[in-house]
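Chemist: A structural model of the following input is requested.
(chains A and B)
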Amino acid sequence: KAGVTQTPRYLIKTRGQQVTLSCSPISGHRSVSWYQQTPGQGLQFLFEYFSETQRNKGNFPGRFSGRQFSNSRSEMNVSTLELGDSALYLCASSRDKQGNSYNEQFFGPGTRLTVL
Amino acid sequence: QKEVEQNSGPLSVPEGAIASLNCTYSDRGSQSFFWYRQYSGKSPELIMSIYSNGDKEDGRFTAQLNKASQYVSLLIRDSQPSDSATYLCAVAGFQGAQKLVFGQGTRLTINP
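Modeler: Predicted coordinates:
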């Protein structure tokens, strides 16, 4: 079974530009979550999508947005890039929760974004 | 108080010994607990999940959960140099949300 894929793997942008990152989940997984990883803040939750709806959102400014398509593929967009947006952006997919148990999330390889 | 806390390390363990990694969490409503391993420059890789109190074993790895003490641990037996990585504790179910809240990670080094 293929894992989570993310494109592109590396991006270099300048301040003020915008960027779109793409994620394809594991087949059969309908929940897609996005995380930002930086050396200072660690791994932080951005948002989660399920059935094309944003179900949860982390504490990030509105410049960070996302969407999910009917085939569960997801994109995230960052507008008006700032130097502090330089990070590894990770996508994770999972099956939906069952009862009170939250299913395992599997991460893609990430997109390394550098903002100059 | 941080939502999920881990000792950042580094933790140094001789090859063949048991490595013990610890994690505490603040939300008593948390339901699911995970350990990820992350090699430098790579993405996190799931190695253990645990949902109920007690121990769960998988090969050389044992996860332990104590919900009353809000404590999760990971034991690695017969540690190998290839186990050298950062280990991330993650908790799901904060405020009923399907999101993972991560600790800062413990850097583990296995010395040959």
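Chemist: in chain B, what residue is nearest chain A?
Modeler: Proximity of chain B to chain A (Cβ to the nearest Cβ) peaks at B:Ala92, 3.6 Å away. For every residue, glycine as well, the C-beta is placed using N, CA and C.
Chemist: so who does that residue touch?
Modeler: Counting by Cβ atoms under 8 Å, 6 or more residues apart in numbering or on different chains, B:Ala92 touches A:Tyr102, A:Gln105, B:Ser30, B:Gln31, B:Ser32, B:Phe33, B:Phe34, B:Gln98, B:Lys99, B:Leu100, B:Val101.
Chemist: tally up the residues packed near the closest residue to A:Thr53 other than its chain neighbours, please.
Modeler: Distances taken as Cβ to Cβ, 6 or more residues apart in numbering or on different chains put A:Gln68 closest to A:Thr53, at 7.5 Å, once the chain neighbours are dropped. The burial count assigned to A:Gln68 is 23, neighbours taken as other Cβ atoms under 10 Å in any protein chain shown.
Chemist: next: B:Glu57.
Modeler: Neighbours of B:Glu57 using other Cβ under 10 Å come to 12.
Chemist: and what of A:Ser70?
Modeler: 7.
Chemist: element containing it?
Modeler: Here A:Ser70, judged by DSSP states H and E, is contained in no helix and no strand.
Chemist: hang on, it packs against A:Thr53?
Modeler: No. At 11.6 Å, A:Ser70 and A:Thr53 do not qualify as touching, with contact defined as Cβ atoms under 8 Å.
Chemist: and B:Ala68, backbone torsions?
Modeler: phi -60, psi -40 (degrees, to the nearest 10).
Chemist: dig out what the residue nearest to A:Thr53 forms beta bridges with.
Modeler: A:Ser74 (DSSP bridges).
Chemist: A:Thr111 too?
Modeler: Applying DSSP bridges to A:Thr111, the residues it is bridged with are A:Tyr89.
Chemist: circling back to that earlier point, my guess is the residue nearest to A:Thr53 contacts A:Trp34. True?
Modeler: No. In this structure, A:Gln68 is not within contact of A:Trp34 by Cβ under 8 Å, at 10.4 Å.
Chemist: overlap in contacts of these two?
Modeler: With Cβ under 8 Å, 6+ apart as the test, A:Gln68 and A:Trp34 both reach A:Ser74.
Chemist: C-alpha coordinates for stretch B:19-28, CSV please?
Modeler: Provided in CSV are the C-alpha atoms of stretch B:19-28 (Å, rounded to 0.1, in the frame of the first residue of the first chain):
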residue,chain,number,x,y,z
ALA,B,19,16.3,2.9,26.8
SER,B,20,13.4,4.4,28.8
LEU,B,21,11.6,7.4,27.4
ASN,B,22,8.9,9.3,29.4
CYS,B,23,6.0,11.6,28.6
THR,B,24,3.3,13.4,30.7
TYR,B,25,0.2,15.1,29.4
SER,B,26,-2.2,17.6,30.9
ASP,B,27,-5.6,16.8,29.5
ARG,B,28,-7.4,14.0,31.4
